[in-house]
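**Student:** Below is the sequence, then the predicted model.
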Amino acid sequence: MQAVEREAGWRQGRAGTRRRALTAAAGGVGVVALAACGQAGSGSGESAGAAQGAPVRLGFLIKERSSPAAEDLLRQLVADHNAQNPRVQVDAEIVAGTEVNTQLTARAAAGTPQDFVESGGFAWVGFAERGMFTELTPMFKRDKLTDGVFLPEAVSINSKEGKIWGWPSSVSADAIAVNLDLLDAAGLKAPPVNPDDKSWTMERLLEYAQKLTKGREQFGLGNAVGLDFWTAGTFFGQGPWDDTARKALTNTPDYIKGLQFALDLRDKFRVVPTAEESANLLGGARTPLFLTGKIAMQGVGPFIIDKPSFRWALTTLPYSGTGKNISGRQWAHGIFMGAVPAARQDATWQVLKWLLKPEQAGRYVVMNGHAVSALAKGGSDLPQQAYKDRSGADAGAYLLSARASRASGWGLLNYASYNDVDREHQTLWADLINNRMAAGEYAQRAADLWNRGMGKK
């Protein structure tokens, strides 16, 4: 429930804390060097050097990637940028996710603000309100990037009150992973990929899950689809927050209906394995539960795997609300520019605009382990193909979901007080999912908490 990208528990990070800079000179490729703490590409003295003929060196702070291979992709992307743009050189510094906030704050306090940083693991609004980031709206307008260039919700999650602060890059979205072999054995047709197909409802999901559950050895669902604060109500047309009214919606009938339906999948209909049953299926293996071949369907966020031993596919999220399918959520990583001098702003902006090229934007998406670009046109072509080549599954469902769903939290994340309120909310959520509190009671207490914490109008 923290203000970080929800990966549905499928991606596994690496233990350990380390800091390194990935640098590439104009003629070099991916030279790895240790970075001095707080010094990678920061400091106003470099601007003076640029005026004398030296290139501008910019520091890009980014949390550690999910694998060494992903960091290699980042290294190569930086190298290619630097080779193509000798006047602006980027030093990408990787730190543990817990260090990003610390480094941003320390460097700002020292008068050497970070040039730019990716927000994949932190809530950015507080930093913007403290003057640590540069607003990007004037640059977006000047270069005509405000209309149709990015997915609208990808801009929304990186904006506040009409002001754009973050450059939308790669997008995490949701889908349903299905074991096609198990569906075939049960005589069931694969769910649709298109979210506009109104035949695929939560009620149909339950029907499928019941037919695909065989004792306690095979389960129709690997998780209770919708048992998530961000998305519970969306399967019935209702999100958790109204940002215009600045009002929580967790106590609305459709949000409560979504919560109760998800709880019933797990507790009443028993189509989802318990923790003990999941452990038995895994048999000690450290792998996603879906890969045991004993799970017919599973709600997933970004999930890139090597080809499993069975046929599988990604399909759309079910929807039982009115109007268009808005099930699930999307989270677009943002790249934020520090409060740096104008010369460094110009250089940083040129780096960001380099990511407008679909081939560069697509490589950045692959580096982040996603299959969808924030670019409205062309940026997803490469990551969609890369996903299919590696996993054997078409990733079109992710792309369609990102175009249909709302940003995580429906604006709730874009408040500086979010993390403080969420710490209290986690206790309520734990009581709900552990059956210590009924859905209706939770819904009202959560609404009261969010309204109080976010300052209801």
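**Tutor:** Sure thing, it's come through.
**Student:** Tell me how many other residues crowd residue 158.
**Tutor:** 25 (other C-beta atoms under 10 Å). Quick note: C-beta positions are derived from backbone N, CA and C, even for glycine.
**Student:** Where do the helices of the stretch 1-150 of the chain begin and end?
**Tutor:** Remark: helices assigned in the stretch 1-150 of the chain by DSSP state H, counting those that start in this stretch are 45-51, 68-84, 97-109, 125-129, 137-142.
**Student:** right, so of these, which gets closest to residue 204?
**Tutor:** helix 68-84 (36.3 Å; C-beta to C-beta).
**Student:** Rounded mean pLDDT for that closest one, please.
**Tutor:** The average pLDDT within helix 68-84 is 95.
**Student:** tell me which residues in that helix are buried?
**Tutor:** By neighbour count on 16 or more other C-beta atoms under 10 Å, the buried set for helix 68-84 is 71, 73-82.
**Student:** hmm, back to that, out of the helices of the stretch 1-150 of the chain, which comes closest to residue 320?
**Tutor:** helix 125-129 (32.7 Å).
**Student:** now the buried residues of helix 68-84 as a markdown table including distance to residue 141?
**Tutor:** Output for the buried residues of helix 68-84, formatted as a markdown table (distance: C-beta to C-beta, whole Å):
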| residue | distance to residue 141 |
| --- | --- |
| 71 | 35 |
| 73 | 32 |
| 74 | 30 |
| 75 | 33 |
| 76 | 33 |
| 77 | 27 |
| 78 | 28 |
| 79 | 32 |
| 80 | 29 |
| 81 | 25 |
| 82 | 29 |
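**Student:** give me the element residue 449 is part of.
**Tutor:** Assigned by DSSP states H and E, residue 449 belongs to helix 439-454.
**Student:** Now do that helix: distance to the chain's middle.
**Tutor:** Taking C-alpha atoms, centre = their mean, to the nearest Å, one finds helix 439-454 lying 25 Å from the centre of the chain it belongs to.
**Student:** cool, stretch 268-284 as well?
**Tutor:** Put simply, stretch 268-284 sits 27 Å off its chain's centre (C-alpha atoms, centre = their mean).
**Student:** Next, the buried residues of it.
**Tutor:** Buried, per 16+ other C-beta under 10 Å, within stretch 268-284: 269-273, 277-278, 281-282.
**Student:** Helices - which of these land there?
**Tutor:** 277-278, 281-282 (DSSP state H).
**Student:** circling back to that earlier point, and the buried residues of helix 68-84, which is closest to residue 173?
**Tutor:** Checking these one by one against residue 173 (C-beta to C-beta), the nearest turns out to be residue 73, at 19.9 Å.
**Student:** one step back: could you dump the buried residues of stretch 268-284 into JSON lines and include pLDDT?
**Tutor:** Formatted as JSON lines, those follow (pLDDT from 0 to 100):
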{"residue": "269", "pLDDT": "98"}
{"residue": "270", "pLDDT": "98"}
{"residue": "271", "pLDDT": "98"}
{"residue": "272", "pLDDT": "98"}
{"residue": "273", "pLDDT": "98"}
{"residue": "277", "pLDDT": "97"}
{"residue": "278", "pLDDT": "97"}
{"residue": "281", "pLDDT": "97"}
{"residue": "282", "pLDDT": "96"}
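**Student:** rewinding a little: now render the ones in helices among the buried residues of stretch 268-284 as TSV, adding distance to residue 207.
**Tutor:** Listed next are these as TSV, based on distance: C-beta to C-beta, whole Å:
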residue	distance to residue 207
277	21
278	23
281	23
282	27
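**Student:** re earlier: what I need now is the helices of the stretch 1-150 of the chain written out in CSV, including distance to residue 393 for each item.
**Tutor:** Below are the helices of the stretch 1-150 of the chain laid out as CSV (distance: least, C-beta to C-beta, whole Å):
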stretch, distance to residue 393
helix 45-51, 45
helix 68-84, 19
helix 97-109, 28
helix 125-129, 35
helix 137-142, 35
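**Student:** which one of these lies closest to residue 342?
**Tutor:** Using C-beta to C-beta, those put helix 45-51 closest to residue 342, at 9.0 Å.
**Student:** Now the closest one: average pLDDT?
**Tutor:** pLDDT averaged over helix 45-51 gives 42.
**Student:** Ok, stretch 330-337 next?
**Tutor:** Stretch 330-337 carries an average pLDDT of 95.
**Student:** Put the alpha carbons of that stretch into PDB.
**Tutor:** Extracted C-alpha coordinates of stretch 330-337, given in PDB (Å, rounded to 0.1, in the frame of the first residue of the first chain):
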ATOM      1  CA  GLN A 330      -1.900   2.000 -14.500                       C
ATOM      2  CA  TRP A 331       1.200   3.600 -13.100                       C
ATOM      3  CA  ALA A 332       3.500   5.600 -15.400                       C
ATOM      4  CA  HIS A 333       7.000   6.100 -14.100                       C
ATOM      5  CA  GLY A 334       7.900   9.800 -14.200                       C
ATOM      6  CA  ILE A 335      11.300  11.400 -14.700                       C
ATOM      7  CA  PHE A 336      11.600  14.600 -12.600                       C
ATOM      8  CA  MET A 337      14.000  17.500 -13.200                       C
END
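**Student:** quick check, distance from that stretch to the centre of its chain.
**Tutor:** For stretch 330-337, the distance to the chain centre is 9 Å (C-alpha atoms, centre = their mean).
**Student:** Could you do stretch 345-360 as well?
**Tutor:** 21 Å.
**Student:** Run through the strands of the stretch 201-350 of the chain in chain order.
**Tutor:** Along the stretch 201-350 of the chain, counting by DSSP state E, counting those that start in this stretch, strands occupy 219-221, 241-242, 247-248, 295-300, 312-315, 330-337.
**Student:** now the end-to-end length of stretch 242-260.
**Tutor:** Taking C-alpha to C-alpha, to the nearest Å, the first and last residues of stretch 242-260 lie 21 Å apart.
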